[in-house]
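Trainee: what would the 3D arrangement of this be:
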Amino acid sequence: MSTIATDKRALRNAYGQFATGICIVTTLDLLGQPTGLTVNSFNSVSLEPALVLWSLRKESWSAAAFQAADSFAINVLSQGQQEVSDRFAKPLPDKFHNVGFALGKHNMPLIHGAIAQFECLKYRQLDGGDHWIFLGEVLDFNHAQGDPLIFHGGRYATAQLAATPA
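Mentor: So this is what the prediction gives:
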């Protein structure tokens, strides 16, 4: 039997050694209400066409909403948004309570204070084992200066940016 089959916690810890940014992925549910969740699985895929991806555990309480949605937004959180990240990581009935947001050009919830935002049309949804992999075509985006919220080794971390070469 492989190590992976016998020690999933060790595998998860090994995955956790890759430092990632933290995002809130949002959409509107079938009733038109904003919904979202915290992810650290965001990646750029392509410039032509402009594609991004993220993944969602199939057992997630919000899986049905994202499977049904034809679009979503990815909000890259800034270093000061740990409370927002924590809130969206829990299965709360109204995650947007006391969280500033506005609907973007394509009617997707955009979280105030995020350092980058991407409004996407669902391009593909793929089976990825115990996760769904969502590919999105970027319809619109914006970004601002700021330090990202980072996750590493199962906890929040800060970025130590290298000096710009002379």
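Trainee: switch to C-alpha atoms for all contacts and neighbour counts from now on
Mentor: Fine.
Trainee: wait, isn't residue 44 in contact with residue 53?
Mentor: Yes: under the criterion of CA atoms under 8 Å, residue 44 makes contact with residue 53 at 6.4 Å.
Trainee: more crowded one of these two?
Mentor: Set residue 44 next to residue 53 and count neighbours by other CA atoms under 10 Å: residue 53 wins out with 21 against 12.
Trainee: quick one: mean pLDDT for the host helix or strand of that one?
Mentor: Assigned by DSSP states H and E, residue 53 belongs to strand 50-57. Here strand 50-57 scores 97 as its mean pLDDT.
Trainee: now do stretch 75-93: distance to the chain's middle.
Mentor: Mean C-alpha position of stretch 75-93 versus that of the full chain (CA atoms, centre = their mean, to the nearest Å) differs by 10 Å.
Trainee: make that stretch 29-40, sorry
Mentor: The mean C-alpha position of stretch 29-40 is separated from the chain mean by 11 Å, CA atoms, centre = their mean.
Trainee: and it, how far apart are its ends?
Mentor: One end of stretch 29-40 sits 21 Å from the other (CA to CA, to the nearest Å).
Trainee: quick one: average confidence on it?
Mentor: For stretch 29-40, the per-residue pLDDT averages 94.
Trainee: report the buried residues of it.
Mentor: 29, 34, 35, 36, 37, 38, 39, 40 (16 or more other CA atoms under 10 Å).
Trainee: any idea how far the last one is from residue 56?
Mentor: This means residue 40. 10 Å.
Trainee: now do the fourth one
Mentor: Spatial separation of residue 36 from residue 56 under the definition CA to CA is 11 Å.
Trainee: for residue 96, same thing?
Mentor: Taking CA to CA, one finds residue 96 at 19 Å from residue 56.
Trainee: likewise residue 22?
Mentor: Where residue 56 is concerned, residue 22 sits at a distance of 14 Å (CA to CA).
Trainee: shared neighbours of those two, anything?
Mentor: Residues touching both residue 22 and residue 56 by CA atoms under 8 Å, 6 or more residues apart in numbering: residue 39.
Trainee: more neighbours, those two?
Mentor: More neighbours surround residue 22 than the other of residue 22 and residue 56, with 25 against 22 (other CA under 10 Å).
Trainee: can you report how many residues lie near residue 129?
Mentor: Using other CA under 10 Å, residue 129 has 9 other residues around it.
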